[in-house]
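1. The amino acid sequence is not available; the structure is as follows:
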């Protein structure tokens, strides 16, 4: 699986959009970008995943650059409950191995 | 979405005793289950992978005789920490996946404290 790079921490004001970047410059053609988050003392929660098109669901939007070397997770209206560590993971869809977690980005939403 | 449960959510045990943690897939059959360990302010580290009906595969550095994993059915895997010591205190998280679909679903975690 390709390596990802994320900033260690970010702050966001409550009600504003939170934009979390992820670099994955060595991504290969069959690898998807997955985002999970982990709220303190809980298991990871799946957010969204995509291959090359932008994706949106009830939780977030995922914007993937045209060259697929980076992506941004967008939480459109961050709330205090969105404070968590966000993990960007790149892996092939039919990869039989587990999800490998890096250090992630610690997002703090402030009132 | 698919739900994975863990029991107990929190356990305190004395040094030298054994502790069993259960992981269940509630609404799907999990052909593969993963066990992770997470120390404070660190990321998840994979301990072992288990496929239903076969022996678990342990990551390098994880003692298979200390962390016993049983995946006897398609909905249940157990992790037993034998002869626990304070350094085994950690957050243990299981994850489950169905065959043919490579999405992974995570349990809520079990906080183990060894005194």
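-> All right, it came through fine. Values in this document were obtained by computation on a predicted structure and should not be read as measured data. Numbers count the residues shown, from 1 in each chain, chains lettered A, B, ... in the order given.

2. which residues does the closest residue to chain A within chain B bridge with?
-> In chain B, the residue that lies nearest chain A is residue B:106 (3.9 Å; Cβ to the nearest Cβ). Quick note: C-beta positions are derived from backbone N, CA and C, even for glycine. Per DSSP bridges, the residues bridged to residue B:106 are residue B:95.

3. and what of residue B:80?
-> residue B:20, residue B:68.

4. neighbours of the residue nearest to residue B:30 when sequence neighbours are not counted, just the number please.
-> Excluding the flanking residues, the one nearest residue B:30 by Cβ to Cβ, 6 or more residues apart in numbering or on different chains is residue B:96, at 3.6 Å. By other Cβ atoms under 10 Å in any protein chain shown, the residues close to residue B:96 number 30.

5. ok, now residue A:102?
-> Residue A:102: 16 neighbours (other Cβ under 10 Å).

6. Was I right to think it contacts residue A:87?
-> Yes - using Cβ atoms under 8 Å, residue A:102 makes contact with residue A:87 at a distance of 6.5 Å.

7. tell me, what's touching the two both at once?
-> Overlap of the contact sets of residue A:102 and residue A:87 (by Cβ atoms under 8 Å, 6 or more residues apart in numbering or on different chains) consists of A:6, B:43.

8. pLDDT at residue B:1, what is it?
-> Looking at residue B:1, its pLDDT is 67.

9. my bad, should have said residue A:96
-> So, for residue A:96, pLDDT stands at 68.

10. Near residue 93, how many other residues are there?
-> Using chain A here. 13.

11. Wait, chain B was what I had in mind.
-> Neighbours of residue B:93 under the rule other Cβ under 10 Å: 27.

12. Let me see the contact set for the residue of chain B closest to chain A.
-> A:36, A:43-46, B:4, B:93-95.

13. just checking, what packs against the helix or strand residue A:19 falls within?
-> Under the criterion of DSSP states H and E, residue A:19 resides in strand A:18-23. For strand A:18-23, the contact count by 3 or more Cβ pairs under 8 Å, 6 or more residues apart in numbering or on different chains; DSSP states H and E identifies strand A:9-13, strand A:31-38, strand A:70-75, strand A:84-92, strand A:105-110 as packing neighbours.

14. Contacts made by the second one with the rest, please.
-> Spelled out, that is strand A:31-38. Residues contacting strand A:31-38 (Cβ under 8 Å, 6+ apart): A:1-2, A:20, A:22, A:24, A:27, A:44-51, A:60, A:62, A:64, A:68, A:71, A:73, A:82, A:84-93, A:99, A:101, A:104, B:44, B:106.

15. ok, now the longest one?
-> With contacts defined as Cβ under 8 Å, 6+ apart, strand A:84-92 is touched by A:1-4, A:6, A:20, A:22, A:24, A:27-28, A:30-40, A:44, A:47, A:71, A:73, A:97, A:99-102, A:104-107, B:43.

16. buried stuff in it?
-> By 16 or more other Cβ atoms under 10 Å in any protein chain shown, the buried positions in strand A:84-92 come out as A:84-91.
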